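>>> structural data only, the sequence is not supplied:
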């Protein structure tokens, strides 16, 4: 099995069966939409059909408009089509974190160069939503509620170990989001999965609150990666 095979197999068998606090729910696009499995497979076969070792970018948990639809972290249907050349017909989504990630990927040297070096996913790799009013749901983060974090903590640790087993470099990982980092650092202290954790501002924060300084943040990412498009 190559890297792509391992990711596809992980996603195909991905499910969360644990309990959640009242009002929280998990969305699993790999079970909810047959086309998600199809486009996710296309993506990984296109960019990951090798056994190269990659650096890990650790997100929070997928948005229901990004990977919660496409099955590809930080990738909405627009960029899945326009950048990766993979069309999804059953959904059309726009996710602001995806905008930053793909602008950064362009500056890195393009999708092929970036995905040759990096793998993006989350310790809780399924979308979490919270019911705020009857029938009204919002995206939620695994750390929004202490009870929620405790409920999913063991699943997150197992997920991180599974991601590593696909072929990830454990010398350094990049954490997206400062609050996310507080929790991942605790997990890493407990598990010793990575030697070094480098923290970067979350793409959503940059797009929503620092858009005028976007180029500076892209440069910060690239400097952190210390890459010129090659390993």
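Okay, I see it. Everything quoted here is computed from the prediction, not taken from an experiment.
>>> ranges for the helices of this structure?
In the chain, the segments counted as helices under DSSP state H are 3-12, 29-32, 34-47, 67-70, 77-82, 96-108, 111-117, 146-165, 178-191, 203-209, 214-225.
>>> so what's the residue of the chain most remote from its centre up against?
Using CA atoms, centre = their mean, the residue of the chain lying farthest from its centre is residue 134. It sits 28.7 Å away. Applying CB atoms under 8 Å, 6 or more residues apart in numbering, we find residue 134 in contact with no residue. C-beta coordinates here come from the backbone N, C-alpha and C atoms, glycine included.
>>> show me where the protein dips below the pLDDT cut-off.
For the chain, the stretches with pLDDT under 70 are 227-231.
>>> what's the longest strand in it?
strand 168-176 (DSSP state E).
>>> that one pairs with which strands?
strand 54-58 (parallel), strand 196-200 (parallel) (DSSP bridges).
>>> which of those sits most buried?
Greatest average neighbour count among those goes to strand 54-58 (a mean of 22), per mean count of other CB atoms under 10 Å.
>>> quick check: angle from it to helix 96-108?
Relative orientation of strand 54-58 versus helix 96-108 (axes from the mean of the first three to the mean of the last three CA atoms, to 10 degrees): 150 degrees.
>>> follow-up on the earlier one: residues of the longest strand of the chain that come out buried?
168, 169, 173, 174, 175, 176 (16 or more other CB atoms under 10 Å).
>>> and stretch 187-194, by the same measure?
187, 188, 193, 194.
>>> how about stretch 99-118?
Quick answer for stretch 99-118 (16+ other CB under 10 Å): 99-105, 108-109, 111, 114-118.
>>> what does stretch 136-151 give?
Going by 16+ other CB under 10 Å, stretch 136-151 has these buried residues: 139, 140, 141, 142, 143, 144, 145, 148, 149, 151.
>>> ok, so of the buried residues of stretch 187-194, who is nearest residue 17?
residue 187 (20.4 Å; CB to CB).
>>> so what's the closest one up against?
123, 153, 156, 157, 160, 193.
>>> pull the most distant pair out of these.
153 and 193 (13.9 Å).
>>> what's across from the spatially most central residue of the chain in the sheet?
Nearest to the mean C-alpha position of the chain, by CA atoms, centre = their mean, lies residue 121 at 3.1 Å. Judged by DSSP bridges, the bridge partners of residue 121 are residue 58.
>>> contacting residues around it?
Contacts of residue 121 by CB under 8 Å, 6+ apart are 56, 57, 58, 59, 73, 163.
>>> verify the stated contact: the fifth one with residue 63.
It refers to residue 73. No. The criterion here is CB atoms under 8 Å, and residue 73 misses it with residue 63 at 9.4 Å.
>>> what residues are up against residue 105?
83, 111, 114.
>>> now it: how far from residue 82?
12 Å (CB to CB, to the nearest Å).
>>> now swap in residue 195 and tell me
In terms of CB to CB, residue 195 sits 36 Å off from residue 82.
>>> and residue 162, by the same measure?
Taking CB to CB, one finds residue 162 at 30 Å from residue 82.
>>> residue 69 now?
15 Å.
>>> who has more neighbours out of the two?
residue 69 (28 against 11; other CB atoms under 10 Å).
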